[in-house]
Every structure is written in C-alpha cells, then in structure tokens.
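Peer 1: Build me a structure from this.
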Amino acid sequence: MHPAGGQRTTMTLLRRPLGLPRNLRFGTAAVAILVVLYLISPYVALWRLNRTIVNGPTAALAPLVDIESVRDQVQRRLNKEEESRIGEVSDAFIDWIQHNIRHYHSDPVARAIDLKWLRELLLRHSEGDAGFWPALEYAFYASPTSFKVRIGNDVSPGEPPGNQPPPVQLRLERGLLRWRVSTAYY
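Peer 2: Numbering: from 1, shown residues only. Here you go, the predicted structure:
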C-alpha cells in the first residue's frame with residue numbers, strides 16, 4: 001500500500017460531513033421540537049391556570065379544569081372500595097368534607113366542589129399578582145399523560161405550623177388537545 005494513498009483516504013474521511021441525510025435531519029428536528037413542546041406543555045397549562053386564578057373570572061377556569069373529574073376523584077376517595085388518584089389527605093381536608101356532609105345532606109361532593117371552590121383553594125397560596133407560582137413546590141410528570149403538582153409546603157421557615165394552609169395537590173391529565181386539572185385536594 002502506498003503511504004500517500006492511505007493519507008488520501010484518511011483526509012477524505014475527515015472532510016466528509018458526518019450526519020444524517022437532509023430529509024432525515026428535518027424529520028429528526030421536527031420530532032425533537034415536538035418532544036420539547038410536549039414536555040413543556042403542562043408547565044404552560046399550569047402557568048395559564050395561575051394567571052386565570054389571579055386575573056380571570058371564576059368561569060374562565062372551565063376550559064382548564066375538569067370539575068367532574070375532580071368531584072369523581074373525591075367521591076372515589078370517600079368510597080374505600082374504589083381506587084382514587086388522591087393520595088394522603090390533610091386533617092383540614094377531612095374536616096372540610098365532614099362539614100360539607102353535615103351541611104349538604106344530599107350529594108355533598110357535587111354541591112361543595114365547583115370552580116369557585118378550586119379558585120379559593122388556590123388563592124390561599126397566592127402572593128399578590130404572582131398568584132400561586134412562588135408557592136409551587138413540585139411539578140413533574142407522573143406518567144406521559146399525568147402531571148403532579150404540589151403548591152405550598154407544610155411549614156414555612158420562621159412561621160408557626162398552624163398559621164398556614166396545607167399544601168394543595170393537583171393532578172393534570174392530558175386530553176386530546178390540552179392539559180386539564182383532574183384532581184385537587186389538600
């Protein structure tokens with residue numbers, strides 16, 4: 001083998017661009033952009049929820065919240081034979097449910113849980129125009145179509161534990177076109 005021939009091969013390999021064909025590069029870039037958009041989409045939905053809680057009328061929450069699902073999950077939690085996406089609840093939530101059962105004898109969950117209730121619940125952790133965003137403790141995927149959110153913490157530094165509301169737990173579920181709140185409890 002001639003040494004100059006070996007050098008030409010090496011030089012040719014070094015100059016040759018390594019990469020995908022043009023149409024495959026476009027497809028890969030499009031898929032990457034779609035994945036990034038999907039990954040940030042629940043955060044955008046949560047930001048929209050926060051802005052609506054602060055600025056919008058209560059009725060503006062309707063496209064962002066599946067209130068029937070929120071009611072259903074609370075109802076399932078009350079029935080020990082059914083599975084619910086609600087985790088461990090606070091004593092304050094149990095007291096609230098007991099109060100509503102005494103107050104609304106027929107269908108207490110449907111009568112107590114509405115968009116106004118959810119808005120007031122989230123406003124407890126609101127900090128002025130910033131809404132609940134500064135109190136956001138956790139927000140991440142539970143699965144590809146489910147997103148868990150925790151707003152507020154159990155005890156703020158320098159504040160007695162009994163003076164603040166318990167953390168609010170939300171679950172957003174991916175629908176056909178958007179993320180919506182499907183579970184809310186504290």
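Peer 1: Distance of residue 53 relative to residue 85?
Peer 2: Going from residue 53 to residue 85 by CB to CB, to the nearest Å gives 21 Å. For glycine as for every other residue, the C-beta is placed from the backbone atoms N, C-alpha and C.
Peer 1: Comparing those two, which shows the higher neighbour count?
Peer 2: Ranked by neighbour count (other CB atoms under 10 Å), residue 53 and residue 85 place residue 53 first, with 23 against 18.
Peer 1: which stretch of helix or strand covers residue 184?
Peer 2: Per DSSP states H and E: residue 184 is located in strand 179-185.
Peer 1: now do residue 35
Peer 2: For residue 35, the element it lies in under DSSP H and E is helix 22-55.
Peer 1: C-terminal to that helix, what's the next element?
Peer 2: Next helix or strand after helix 22-55 toward the C-terminus (DSSP H and E): helix 67-78.
Peer 1: residues of that following helix that come out buried?
Peer 2: By neighbour count with 16 or more other CB atoms under 10 Å, helix 67-78 contains the buried residues 67, 69-77.
Peer 1: starting at the chain centroid, how far to that helix?
Peer 2: Distance of helix 67-78 from the chain centroid (CA atoms, centre = their mean, to the nearest Å) equals 17 Å.
Peer 1: what packs against it?
Peer 2: Applying 3 or more CB pairs under 8 Å, 6 or more residues apart in numbering; DSSP states H and E, one finds that helix 67-78 makes contact with helix 108-112, helix 115-123, strand 179-185.
Peer 1: If you rank every helix and strand of this protein by mean pLDDT, what lands last?
Peer 2: Of all helical and strand segments in the chain, the minimum by mean pLDDT, DSSP states H and E falls on helix 3-15, at a mean of 56.
Peer 1: how close does residue 103 get to residue 97?
Peer 2: Distance from residue 103 to residue 97, by CB to CB: 11 Å.
Peer 1: Between the two, which is the more surrounded one?
Peer 2: Higher neighbour count among residue 103 and residue 97: residue 97, with 19 against 10, using other CB under 10 Å.
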